[in-house]
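Trainee: A predicted structure for the sequence below; I have some questions about it.
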Amino acid sequence: MAHQRYQAAIEAYKKAPPNNAIVWNKMGIAYQLMFNLTDAMHCYRTSSKLSPKNSNVLNNLGTTYDALKEYRSAEKMYRKALKIDPNSALILKNLGTNLLAQRKYEKGWEEYKAALKIDPSIFDNSARPRIENPASISDRGAMNYYLAKGCARAGMPERAIQYLRMALDEGYTNPRKIIADNEFATLQGLPEFKELLSSQTQKRQ
């Protein structure tokens, strides 16, 4: 797994005792990283039957439902996982992205805030593999927009502008909406903010 040889990992996992919930979960991760959602879901479900209180397995199962755009089933899995582990920043993040995909933007933002409170780096790129909600381009636009709000509110203008740029590039918002949003009032005097909006306005003309 560490060397991304997922098929080899699967063959090794298959030699383990069949009643090992941890192995079934790891095998599910390997299948999911190979984009084989059918076998991944089978492995996660088997693992969950063997270990019903494993929040990681429920989270992983939720991400497969999200990948299949079965958003309500995914949300159910995330909420079950959070009952077991309410302080998991990753599960809260995945639930937030799920809610954004369902256009429940404010509810999604609340889950993001909870995730950031537990782990401020949860949205940063990480070298360690983790199973996350596979957000679509539209969902990522919403995600970045609400992250920009959070950064502006937390007094991190550079990061707020960075997330706004990504939200604009992904077509989620436009300069007029940003200017009208009071959350970004503290950014309006910054040259970087003015330059971002000016360049985006020119693109749209």
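Mentor: All right, it came through fine. Numbering: from 1, shown residues only.
Trainee: What are the contacting residues of stretch 158-166?
Mentor: Contacts with stretch 158-166, where a contact means CB atoms under 8 Å, 6 or more residues apart in numbering, come from 140-141, 144-145, 147-149, 151-152, 173, 178, 184, 187, 190, 192-193, 196. C-beta: built from backbone N, CA, C; applies to glycine.
Trainee: same question but for stretch 35-45, I mixed them up
Mentor: Identification of contacts with stretch 35-45 by CB under 8 Å, 6+ apart yields 24-25, 27-29, 31-32, 57, 60-61, 64, 67-68.
Trainee: For it, what is the distance to the chain centroid?
Mentor: Distance of stretch 35-45 from the chain centroid (CA atoms, centre = their mean, to the nearest Å) equals 19 Å.
Trainee: Quick check: buried residues in that stretch?
Mentor: For stretch 35-45, burial by neighbour count (16 or more other CB atoms under 10 Å) applies to 36-37, 40-44.
Trainee: between those residues, which is closest to residue 200?
Mentor: Distance to residue 200 across the buried residues of stretch 35-45 (CB to CB) is lowest for residue 37, with 35.9 Å.
Trainee: picking that back up, please flag which of the contacts of stretch 35-45 sit within helices.
Mentor: Mapping the contacts of stretch 35-45 onto helices (DSSP state H) picks out 24-25, 27-29, 31-32, 57, 60-61, 64, 67.
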